[in-house]
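Undergrad: Need a 3D model of the following:
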Amino acid sequence: MPKAKGKTRRQKFGYNVNRKRLNRNARRKAAPRIECSHIRHAWDHTKSVRQNLAEMGLAMDSNKAVPLRKRKVKAMEVDVEERPKALVRKPYVLNELEAEASLPEKKGNTLSRDLIDYVHYMVENHGEDYKAMARDEKNYYQDTPKQIGNKINVYKRFYPAEWQAFTESLQTNSWDCPENQ
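TA: Here you go, the predicted structure:
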């Protein structure tokens, strides 16, 4: 469908646009940002990806770096030519990556403060009686006895040291209290 007459406008030059900044930002967007800081700091923008990775001791293609063994008849030793190993000019990158990979993984999952308080309240007031916990007025979500037991088990699994200290404090409080005797 043709455009309506008189609706097209000729393009005018934008004098207020900083072309230098515009081109710099376009170049920056064209080259993707390298997430790994070790590789990003050692990267040389004048070289190709393959050359950069070879200097760092990393492989561009994992299939070529660790070739699969062929099932063919082995060639004579004279015929086999070994390629010279690529010279690693930036071994510190590889060392930093290995050191980072060897660190133990941080435990990211934690329980909400509400759930921890809920478990503490229920165990303090009812002990191991899950049916009484299910009938408690603080059971806002109307959990069944089995669901409450699962929540307590999750808390035990996530915080075993805190659970141990909590149960010991409950036992000492029950011995000190004259009402329970």
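Undergrad: so how far is the first residue of stretch 126-145 from its last?
TA: Using C-alpha to C-alpha, to the nearest Å, the end-to-end distance of stretch 126-145 comes to 12 Å.
Undergrad: Start the count at 56 instead of 1 going forward.
TA: In the new count, where the first residue is 56, that last one comes out as stretch 181-200.
Undergrad: Contacts for it next, please.
TA: Residues outside stretch 181-200 that contact it (C-beta atoms under 8 Å, 6 or more residues apart in numbering) are Y173, Y176, M177, N180, K201, I203, G204, K206. Every C-beta, even on glycine, is put in place using the N, C-alpha and C of the backbone.
Undergrad: Drop anything exposed from those residues.
TA: Buried residues within these, counting neighbours by 16 or more other C-beta atoms under 10 Å: Y173, M177, I203, K206.
Undergrad: Adding secondary structure, distance to K193 and pLDDT as columns, could you present those in a markdown table?
TA: Shown next, in a markdown table, are the buried ones among the contacts of stretch 181-200 (DSSP: H, G, I helix; E, B strand; the rest coil; distance: C-beta to C-beta, whole Å; pLDDT from 0 to 100):
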| residue | secondary structure | distance to K193 | pLDDT |
| --- | --- | --- | --- |
| Y173 | helix | 7 | 95 |
| M177 | helix | 7 | 96 |
| I203 | helix | 11 | 96 |
| K206 | helix | 13 | 96 |
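Undergrad: centroid residue for this structure?
TA: By C-alpha atoms, centre = their mean, the chain has its centre lying nearest to G163, at 8.7 Å.
Undergrad: So it: helix, strand or coil?
TA: Using DSSP: H, G, I helix; E, B strand; the rest coil, the secondary structure recorded for G163 is coil.
Undergrad: quick one: low-confidence ranges for the protein?
TA: The model of the chain has pLDDT under 70 over residues 56, 58, 127-141, 230-236.
Undergrad: quick one, longest helix in it?
TA: Using DSSP state H, we find that the single longest helix of the chain is helix 215-231.
Undergrad: And that helix, what does it pack against?
TA: helix 168-181 (3 or more C-beta pairs under 8 Å, 6 or more residues apart in numbering; DSSP states H and E).
Undergrad: Show me what counts as buried in the helix it packs on.
TA: Applying 16+ other C-beta under 10 Å to helix 168-181 flags I171, Y173, V174, M177, V178, H181 as buried.
Undergrad: Also stretch 215-227?
TA: For stretch 215-227, the neighbour count (16+ other C-beta under 10 Å) marks W218, F221 as buried.
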